[in-house]
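>>> predicted coordinates and the sequence they were generated for:
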Amino acid sequence: MKNSSLLFAFLILTAFGNLGKISAQSCGLIISGQGSYNVCCTGPISYTVISFAGCSLTNASFDWSVSGGTIAFNSGTGMISVNPSVGSTVTVTCKVTIGNGQPVTVIAQTVWYGSQTPPISAPDYFCKNEIYTICVPATCGMTGVDWTLPPNLDLVSTVSPFCIRVMPSLNAPVGSSGVITAQAITTTGCTLSASNPLSFKIYEAETPPAPSGYITLDLDSGDPCDDPVYVVNFHAPHPYRNGITTVSPGIILGGNHPIGHGHDGEPSEPITITVCNVNLCSGKKSCITFEVDPPQPCFGKEEGQADSVELGTSIVAAVNFQDNEEIAVFPNPSDGRFYLTCPANTAGELTVFDSAGKQVAGRKFESWDLSDSISDTPLPRGVYFIRILMAGEISTKKLVVQ
């Protein structure tokens, strides 16, 4: 919106005066004034009652009222000055009486259109033992900035009225977060909050550990048998806090990876997913590779016989190349019954999913006996995934039933 030098308020009451008397109606009154004001909160704003019909207002009386601001000056005449309340629309109302004529009310408005203080210029993370300069870009009418820092960030020095230097506190926990806020002081003394407070995290340089967890595919859109879109999610029992975890690719498109419609009618080929823990301070990363078998609920079924997968269903569909070698499923391939080998006297929990992500079996155990079958009844032909939780670690095994 651009500043307007005049904002016309039309007459909203009709005055019915006696013949021979001069009325405000016949004078055609308006209020002239500033149509808008900006972030500089320049004030006061002046308003004047004028007659575009040329009538004299010398003997007129003026009764003013204001909302969205405070009266700075009022001489009892047709002029008034108002200090606006920043962010508010100023509405001025004047009841004008000429002589003993009928009073007429005229109204004008001034709209605040300016944005707040510009966003804080700073990174969204800070590394321990490093110093950073953060600023609020100066704009019209700004004379300085008042900063508010959280406890895990220390002020080092002031660089200018608009910039400071900061660094993480020595005892700031790695992975902790905080918010920096700023208020700009203007030439007229008003204070405006920064439009975007800065949210950040604190890290320190290291070589990150390799990720540990499992992959799920979440159906985002489409039909499971016709160009589905899956979002790839990595689930970690102990998320990496000293940096970020990346998943590539993060989305699997049915158009690029036709689910259940591979070459020559064979099932889709596995898709390689790379998960990395990345330390932003050192630039180092540690990665682990997963081989993901896409859900194939439609493979091997006649048209119209496909099992449906509801939108948003989480599908466990990963075999970790660096999986725990102490845990194995045998025989594999199987005729429908299979067994688990794992460290002796180890308590845990296992869950069996089919290729569509539906849980088909599961059990908890205090210790595992090799004679115990995973499933009470033979499973039908297909591809299955067994998720095993032991000692806080998750492993995923792929099973084929012929």
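Perfect, I can see it now.
>>> for the closest residue to Pro197 other than its chain neighbours, name its beta-bridge partners.
In space, and not counting its chain neighbours, Pro197 is closest to Thr181: 4.6 Å by Cβ to Cβ, 6 or more residues apart in numbering. C-beta: built from backbone N, CA, C; applies to glycine. For Thr181, the beta-bridge partners under DSSP bridges are Thr148.
>>> and Thr181, how many residues sit next to it?
Counted by other Cβ atoms under 10 Å, the residues lying close to Thr181 total 15.
>>> where does the stretch 251-400 of the chain have low pLDDT?
Across the stretch 251-400 of the chain, the ranges flagged by pLDDT under 70 are 254-269, 293-326, 343-346, 355-357, 367-376, 391-394.
>>> mind running it again at 80?
Low-confidence segments of the stretch 251-400 of the chain (pLDDT under 80): 253-271, 290-330, 332, 335-351, 353-359, 361-378, 382-383, 385-398.
>>> quick one: the strands in it?
For the stretch 251-400 of the chain, the strands defined by DSSP state E, counting those that start in this stretch occupy 251-253, 271-278, 285-292, 314-316, 319-320, 328-330, 339-341, 348-354, 359-365, 382-390, 393-401.
>>> ok, which of those strands comes nearest Tyr113?
Closest approach to Tyr113 among these is made by strand 251-253 (40.1 Å; Cβ to Cβ).
>>> for the closest one, which strands pair with it and how are they oriented?
With DSSP bridges as the test, strand 251-253 is paired with strand 226-235 (antiparallel).
>>> tell me the average confidence for the strand it pairs with?
Mean pLDDT, strand 226-235: 82.
>>> that older thread, Leu155: which of the strands of the stretch 251-400 of the chain is closest?
Closest to Leu155 of the strands of the stretch 251-400 of the chain, according to Cβ to Cβ: strand 271-278, at 29.0 Å.
>>> touching the closest one from outside, list them.
208-211, 213, 215, 232, 234, 240, 243-249, 252, 257, 284-294, 318 (Cβ atoms under 8 Å, 6 or more residues apart in numbering).
>>> how about the strands of the stretch 251-400 of the chain in a markdown table, adding mean neighbour count and distance to Thr58?
Listed next are the strands of the stretch 251-400 of the chain as a markdown table, based on neighbours: other Cβ atoms under 10 Å; distance: least, Cβ to Cβ, whole Å:
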| stretch | mean neighbour count | distance to Thr58 |
| --- | --- | --- |
| strand 251-253 | 17 | 76 |
| strand 271-278 | 19 | 77 |
| strand 285-292 | 18 | 81 |
| strand 314-316 | 20 | 81 |
| strand 319-320 | 19 | 91 |
| strand 328-330 | 15 | 102 |
| strand 339-341 | 16 | 102 |
| strand 348-354 | 20 | 90 |
| strand 359-365 | 14 | 90 |
| strand 382-390 | 20 | 91 |
| strand 393-401 | 19 | 89 |
